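J.: When you get a sec, could you give me coordinates for this:
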Amino acid sequence: MKKISTKLFFGIICAVMLAMGVSGRAADIIDTKKIKAFEIKGDREFGEYLASECTACHKLTSGSSNIPVIAGRPVKDFIIALYSYKLKTRRSQVMEMVADRLSDEEIAALAAYFSSVK
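T.: Have a look, this model is predicted:
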């Protein structure tokens, strides 16, 4: 039997959970009523303008075991994921740094853009 590294194993588990739309834990931890990005109609074109930083790692059609595809994600899931990093209930040094500096308007715009990409 072939052994795989713990890091690879957990990366695969996270990718499967994301592919299945498993964001319930983050939504349970975060008070979504306090997230202003839900109240903002995201500007898709502004999101497309901002997306180049995201697509440097997150490819539009296929991800790696550690970096999921974010294209086509529902707006709600996308916003919850970014706020999970922003509030540090979901851990990733890179994503925490990126999410921390995004405004509510930018998060809503990115969610609008990526949810429209198929």
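
J.: where do the helices sit along the chain?
T.: Here the chain has its helices, by DSSP state H, at 6-19, 24-29, 44-55, 75-86, 93-100, 104-116.

J.: helices or strands next to the last one in the packing?
T.: Packed against helix 104-116, as judged by 3 or more Cβ pairs under 8 Å, 6 or more residues apart in numbering; DSSP states H and E, are the following elements: helix 44-55, helix 75-86. C-beta: built from backbone N, CA, C; applies to glycine.

J.: quick one, the first one and helix 104-116 angle?
T.: Direction vectors for helix 44-55 and helix 104-116, defined by axes from the mean of the first three to the mean of the last three Cα atoms, to 10 degrees, enclose an angle of 80 degrees.

J.: Could you check helix 44-55 and say which residues are buried?
T.: The neighbour-count check on helix 44-55 (16 or more other Cβ atoms under 10 Å) flags 44, 46, 47, 48, 50, 51, 54 as buried.

J.: okay, the residues you listed in TSV with pLDDT and distance to residue 104 next?
T.: Shown next, in TSV, are the buried residues of helix 44-55 (pLDDT from 0 to 100; distance: Cβ to Cβ, whole Å):
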residue	pLDDT	distance to residue 104
44	97	16
46	97	13
47	96	13
48	96	18
50	96	13
51	95	17
54	93	17
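
J.: ok, the residue lying closest to residue 86 once chain neighbours are set aside - how many residues close by?
T.: Nearest-residue entry for residue 86: residue 99, 4.1 Å, with adjacent residues in sequence omitted and distances by Cβ to Cβ, 6 or more residues apart in numbering. Look at residue 99: counted by other Cβ atoms under 10 Å, it has 20 neighbours.
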